[in-house]
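Participant: coords please:
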Amino acid sequence: MSTDDRDDRAASFDRAAALYQATRPSYPDDAVRWSVPAQARDVLDLAAGTGKLTERLAALGWHVVAVEPSDAMRAELAAVLPAVEAFPGTAERTGLPDASVDAVTIAQAWHWVDPPAASAEIARVLRPGGQVAALWNVRDQATDWVARWTEIVHRGDSLETSYRDPELGDVFTAPEHAMFRWAQRLRTADLRTLAASRSHLILLPPDERDALLDEIDQLVDTHPDLRGREWVDVPYRTECYRARLREG
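Facilitator: Residues are numbered from 1 along each chain as shown. Take a look at the predicted model:
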């Protein structure tokens with residue numbers, strides 16, 4: 001995928017911020033605690049989106065500053081979390097002072113950034129010994145209906161698998177990895193909305209997008225694990241990577 005295509009995909013969420021807020025999953029507390037040192041005071045939630053991870057960080061007691069480039073996504077965050085400071089900015093240019101936070105989190109977004117520039121900026125805003133963590137919620141496709149849902153949603157998608165060991169450079173220690181299994185309780189009718197919040201579908205021509213969303217509805221109406229049910233547990237793995245800022 002070219003840089004221009006990647007940037008278009010990242011910017012697409014401006015069009016679907018409300019859908020994102022309504023159906024995208026949160027993060028399990030065990031994964032959040034693993035990703036942020038207990039002794040940290042100030043945490044930057046980078047590319048915070050509508051505040052899915054921001055909300056858990058604040059609920060677990062850290063002072064959180066959110067940075068998000070999309071005005072629409074940031075407005076959703078502010079509506080849900082009015083006490084959290086939220087600023088426009090990017091992973092490459094946060095606008096925060098030097099050495100101003102103890103930890104940085106970036107959820108569902110490392111694949112949108114320029115790794116060398118983002119790594120340098122994160123190192124700049126971290127205090128000595130600070131930690132960065134990249135997190136991804138990944139649907140568990142061992143469940144048949146989830147695999148079928150995913151095939152429909154990503155049909156023709158050119159974006160590579162998003163979660164990976166983040167490229168942080170020599171200024172950070174080698175990333176550690178942990179995985180946490182959990183499930184999101186969701187109305188089956190909202191599986192269509194969840195699909196509509198994906199960048200691939202957001203950018204499709206309306207007729208192509210509607211055709212794929214209609215296939216999601218058909219899946220809900222016919223799959224034995226979904227048919228006739230109001231609610232379903234969507235199984236996820238939260239894949240987490242953390243690294244420390246090297247001394248000196």
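Participant: any chance you could map the helices in the protein?
Facilitator: 3-11, 17-23, 29-35, 52-59, 71-80, 115-125, 144-153, 190-196, 199-202, 206-222 (DSSP state H).
Participant: Can you check which of those gets nearest to H177?
Facilitator: helix 29-35 (10.2 Å; C-beta to C-beta). All C-beta spots, glycine's among them, are computed from the backbone N, C-alpha and C.
Participant: Could you list the low-pLDDT ranges of this protein?
Facilitator: Applying pLDDT under 70 to the chain flags the ranges 1-17, 158-162, 248.
Participant: So for it, the centremost residue is which one?
Facilitator: For the chain, Q108 is the residue whose C-alpha lies nearest the centre (C-alpha atoms, centre = their mean; 2.5 Å).
Participant: hmm, back to that, any chance of the helices of the chain in a markdown table, with distance to Y241 and mean neighbour count too?
Facilitator: Formatted as a markdown table, these follow (distance: least, C-beta to C-beta, whole Å; neighbours: other C-beta atoms under 10 Å):
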| stretch | distance to Y241 | mean neighbour count |
| --- | --- | --- |
| helix 3-11 | 20 | 14 |
| helix 17-23 | 23 | 19 |
| helix 29-35 | 9 | 19 |
| helix 52-59 | 14 | 22 |
| helix 71-80 | 23 | 17 |
| helix 115-125 | 13 | 19 |
| helix 144-153 | 22 | 16 |
| helix 190-196 | 24 | 21 |
| helix 199-202 | 22 | 20 |
| helix 206-222 | 31 | 15 |
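Participant: Need those in a markdown table (columns: distance to W182).
Facilitator: Below are those laid out as a markdown table (distance: least, C-beta to C-beta, whole Å):
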| stretch | distance to W182 |
| --- | --- |
| helix 3-11 | 26 |
| helix 17-23 | 16 |
| helix 29-35 | 8 |
| helix 52-59 | 12 |
| helix 71-80 | 21 |
| helix 115-125 | 26 |
| helix 144-153 | 14 |
| helix 190-196 | 16 |
| helix 199-202 | 23 |
| helix 206-222 | 22 |
